[in-house]
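Q: What follows is a predicted protein model with its sequence.
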Amino acid sequence: MRTTRSLELGTGLFVLLGFAALFFLTTQLPGSGLKLGRESGYLVTARFDNVGDLKPGAPVSMAGVSIGRVESIGYDPRVFKAVVTMRIQPRFNEIPDDSDAAIQTQGLLGGKFIGITPGGSETYLKGGGQIEFTQSAVVLENLVNKFFANFARRGSDGDKPPATEAQQQDGNGSK
Amino acid sequence: MSRRSLAESPPAVALRRIGAVALFLVRILGQCLPALRQPQLLVRQLYNAGARSLVIIMLSGLFVGMVLGLQGFDLLQRFGSEDALGVAAALSLLKELGPVVTSLLFAGRAGTALTSEIGLMRATDQLTAMQMMAVDPMRRVVAPRFLGGVIAMPLLAAIFSGLGLFGAHLVGVQLMGVDAGSFWSQTQGAVKLEDVSEGITKSLVFGVAVSLIAVYEGYHATPTAEGVGLATTRTVVASSVLTLLLDYVLTAMFL
Amino acid sequence: MSAASDTVVDVRDVHYGVAGRSIFSGLDLTVRRGRITAIMGPSGTGKTTLLRLITGQIQAGRGEVRVWGENFSTLGLREIYRLRRRMGMLFQNGALLTDLSVFENVAFPVRAHSDLPESLLRRLVLMKLQAVGLRGAASLMPTELSGGMARRVALARAIVMDPELLIYDEPFVGLDPISLGVILRLIRQMNETLGITSIVVSHDVKELSAIAHDSYLLSQGGVVASGSPMELVQSGSEIVRQFMSGAADGPVPFHYPAADYREQLLAEGGR
């Protein structure tokens, strides 16, 4: 009888652990998966011209410290802008309402995140509030295109550019 | 070449073997439903295949994850992207290391036990005795063991991956100072449900393959001590090679 | 008709071979109801193969094996299993299921084939264990038993379904004299008190002669002698006399077939 009980106990433990792990992997790991309770924090929205490859679940940080996550990304057809909803942890409840939100990149290959630069207002953001000042994602291709467009224009009409500028161009070109 | 030597040539022998294993699988599948009606047998086999492999799987998962944490951090640091450590660890654990390493360990731990157990039953006439008592050993012995292995494998692989992720977190966040928030949020941002289901599918397929080879080798072992030993070795070799081969095929399918 | 219904096992002109080597060529043999039939023969004459034919584990290449009038080669697995429920078999080493206790081993066939209430099952199993004198060992595991005890438990398991035919495969091998005496007594007792038809395969002539009603001596692919043990001992046949007295050389040669000894030695010396 004792062997049966320990057998059932061991099997139960194994099955429980296995399903807990499976549950964790399938629902908690993928950003699109189930959100389990105790999702605390208040929601704040911001409108961006371009969110680049920002994804739900990306961190929201202030002065390099993570204060929340991107909850969802939508589109507002009236103003042709992306609407990003962020969930900010409740203990960061003193963010000036004239703060600035910018989409930034982590490291060289890292993903996008939202960096918030505090403003100087005396009133703070509350749940459902909106950050008015935004800075869109820097899209690398646009940047490169702009650079080459500039380069081509200068090359065609600038017959004898100033020496300093030529040096700068050389420096850029070799990079 | 005469007909006889052609039939005994290595490719023909290998082909016959594959055919025999496939037919054996069909016979097992026919007995799976009746085997499910004997839950106490299944529970015992789940215990043998799963619970008894738990410690080795948990330890291995933890250490593989910790190594991933160290190596991944070292590599990603060179690109200033150490925040992506969670993604790197999670994807490699979920899609490859979890199912594959679990399958290899399972073959060594549970597969060999299955083969030698059934082989010994064969060697001591227990299987024949059952047949003489009009009890089909395929139903009573083989099918529950096969099912136990097939069910245990995905659970073990999930435990392996989960603990591996914990190990990577331990090293990356606690030891190397990666930000915990971005470690998890980047992971959650990058890991898709398809990545998880790819891992689960793989471990299910490996579970079928390894359990099938283990019970086949045991059931067909030469009924001597030496024969059972040889069958056990064959189980480890065949199921390891098959795991890696199937892994390539499945990866190619999922990409 | 009475003679036919008296026959339990009927083996007619059976040919059987494995991997090109012939084991039986034209074997005839009859087992009659309520009797102990001994099947004897030197090692390697296919005694165990004969048992496998009689229990339907293998099929004869030619000829027919009938048990209770039913021809195995015409039966499906389901029918073979149905026939086997009327048989009990005692294996050489007992073949107890190692992961079950003595009690559960004896209960195994009952559980597999009926839904007997636990209390009835318990009474039945203990009764059978009592018959082999091992009621006290019910809770032991097979690994804790001696060889003789394991065989007695296996006997209890073989009779738990009240078979009409009991088959003993080498029941005396490796037993000490006391255990051997116990098994001998049990075989006779099963036959006399329960009327079970018995087939005993062995090469222990002395033991078999004491209990068998009919006996067959197998050699060289067929039956070389049959009759009561007494008739066999008094047989004029040289091969029967060699086997019954245990002479080293005779019709069954001491030497495995080989080239001429002197020639081989000379040939190798010359090389």
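A: Great, that's in hand.

Q: can you list the domains in chain A?
A: A:1-30, A:42-140 (automatic domain parsing).

Q: Chain C is nearest to which of those domains?
A: Closest approach to chain C among those (C-beta to the nearest C-beta): domain A:1-30, 10.3 Å. From N, CA and C alone the C-beta is placed, and that goes for glycine too.

Q: Now do the buried residues in the closest one.
A: By 16 or more other C-beta atoms under 10 Å in any protein chain shown, the buried positions in domain A:1-30 come out as A:7, A:10-11, A:14-15, A:17-18, A:21-22, A:24-26, A:28-30.

Q: hmm, it touching chain C?
A: No. Judged by C-beta under 8 Å from any C-beta of the partner chain, domain A:1-30 and chain C are separated, with a smallest distance of 10.3 Å.

Q: just to revisit the earlier point, the buried residues of domain A:1-30 in helices, which ones?
A: A:Leu7, A:Gly10, A:Thr11, A:Phe14, A:Val15, A:Leu17, A:Gly18, A:Ala21, A:Leu22 (DSSP state H).

Q: and the second one, how far is that from B:Ala51?
A: Right, the one you point to is A:Gly10. 4 Å (C-beta to C-beta, to the nearest Å).

Q: May I have the secondary structure class of the residue sitting nearest the centre point of chain A?
A: Centroid-nearest residue in chain A, with C-alpha atoms, centre = their mean: A:Phe113, separated by 2.5 Å. Recorded secondary structure, A:Phe113: strand (DSSP: H, G, I helix; E, B strand; the rest coil).

Q: Residue 91: how many residues sit nearby?
A: No chain in the question, so chain A it is. 9 (other C-beta atoms under 10 Å in any protein chain shown).

Q: Correction: the question concerned chain B.
A: Neighbours around B:Leu91, by other C-beta under 10 Å: 19.

Q: So which bits of chain A are right by chain B?
A: Residues of chain A lying near chain B (C-beta under 8 Å from any C-beta): A:7-8, A:10-11, A:13-15, A:17-22, A:24-26, A:28-33, A:55-59, A:61, A:66, A:69, A:106-111, A:113.

Q: Mind checking if stretch B:151-158 is in reach of chain A?
A: Yes. Shown here: stretch B:151-158 in contact with chain A (C-beta under 8 Å from any C-beta) through B:Ala152, B:Pro154, B:Leu155, B:Leu156, B:Ala158.

Q: Which ones among those residues lie within helices?
A: Per DSSP H, the residues of stretch B:151-158 next to chain A map to helices at B:Ala152, B:Pro154, B:Leu155, B:Leu156, B:Ala158.

Q: Neighbour-wise, which one of those residues leads?
A: B:Leu156 (33 neighbours).

Q: residue ranges with poor pLDDT in chain B?
A: B:1-4 (pLDDT under 70).

Q: Check which residues of the helix ranked longest in it are buried.
A: Looking across chain B with DSSP H, the single longest helix is helix B:225-254. Neighbour counts over helix B:225-254 (16+ other C-beta under 10 Å) mark B:228, B:230-232, B:234-236, B:238-240, B:242-243, B:246-247, B:250 as buried.

Q: now the residue of chain A at minimum distance from chain B, nearest residue through space, not along the chain?
A: Ranked by C-beta to the nearest C-beta, the top residue of chain A for proximity to chain B is A:Gly18, at 2.5 Å. Of all residues not flanking A:Gly18 in the chain, B:Leu155 sits nearest, at 2.5 Å (C-beta to C-beta, 6 or more residues apart in numbering or on different chains).

Q: What sits closest to C:His213 if chain neighbours are left out?
A: C:His213's closest residue in space is C:Arg35 (C-beta to C-beta, 6+ apart), at 4.2 Å.

Q: Tell me which residues touch the one you found, please.
A: C:Asn191, C:Thr197, C:Ser198, C:His213, C:Asp214 (C-beta atoms under 8 Å, 6 or more residues apart in numbering or on different chains).

Q: got the residues you listed as a markdown table, with secondary structure, pLDDT and neighbour count columns?
A: Output for the contacts of C:Arg35, formatted as a markdown table (DSSP: H, G, I helix; E, B strand; the rest coil; pLDDT from 0 to 100; neighbours: other C-beta atoms under 10 Å in any protein chain shown):
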| residue | secondary structure | pLDDT | neighbour count |
| --- | --- | --- | --- |
| C:Asn191 | helix | 88 | 19 |
| C:Thr197 | strand | 90 | 20 |
| C:Ser198 | strand | 91 | 24 |
| C:His213 | coil | 88 | 14 |
| C:Asp214 | strand | 88 | 19 |
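
Q: does C:Gly63 count as helix, strand or coil?
A: strand.

Q: What distance do you get for it to C:Asp214?
A: In terms of C-beta to C-beta, C:Gly63 sits 20 Å off from C:Asp214.

Q: Quick check: phi and psi on A:Gly57?
A: phi 100, psi -10 (degrees, to the nearest 10).

Q: does it really touch A:Gly68, like I thought?
A: No. Between A:Gly57 and A:Gly68 there is no contact under C-beta atoms under 8 Å: 10.9 Å.

Q: does C:Met161 count as helix, strand or coil?
A: Three-state call for C:Met161 (three-state DSSP): coil.

Q: for chain A, which spans come out with low pLDDT?
A: Along chain A, the parts satisfying pLDDT under 70 run over A:1-3, A:31-39, A:107-110, A:155-175.

Q: re the thing from before, show me the residues around the residue nearest to A:Gly18 that make contact.
A: Contacts of B:Leu155 by C-beta under 8 Å, 6+ apart are A:Phe14, A:Val15, A:Leu17, A:Gly18, A:Phe19, A:Ala21, A:Leu22, B:Gly50.

Q: Need the nearest residue in space to the residue of the stretch 151-255 of chain B found nearest chain C, chain neighbours excluded.
A: Per C-beta to the nearest C-beta, B:Pro223 is where the stretch 151-255 of chain B lies closest to chain C, at 11.4 Å. Distances taken as C-beta to C-beta, 6+ apart place B:Ala123 nearest to B:Pro223, at 4.0 Å, with adjacent residues excluded.

Q: again with B:Ala231
A: Here the residue nearest B:Ala231, using C-beta to C-beta, 6+ apart, is B:Ala221, at 3.7 Å.

Q: What number of neighbouring residues does C:Lys206 come out with?
A: Neighbours around C:Lys206, by other C-beta under 10 Å: 10.

Q: which residues does B:Ala180 contact?
A: By C-beta under 8 Å, 6+ apart, the residues touching B:Ala180 are B:His169, B:Val173.

Q: The one 10 residues further on too?
A: Residues touching B:Ala190, when contacts are defined by C-beta under 8 Å, 6+ apart, comprise A:Gly31, A:Lys55, A:Gly111, B:Ala84, B:Val87, B:Ala90, B:Leu91.

Q: Kindly write the PyMOL command that selects the buried subset of those residues.
A: Buried residues among those (16+ other C-beta under 10 Å), as a PyMOL selection:
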select buried, (chain A and resi 31+55+111) or (chain B and resi 84+87+90+91)
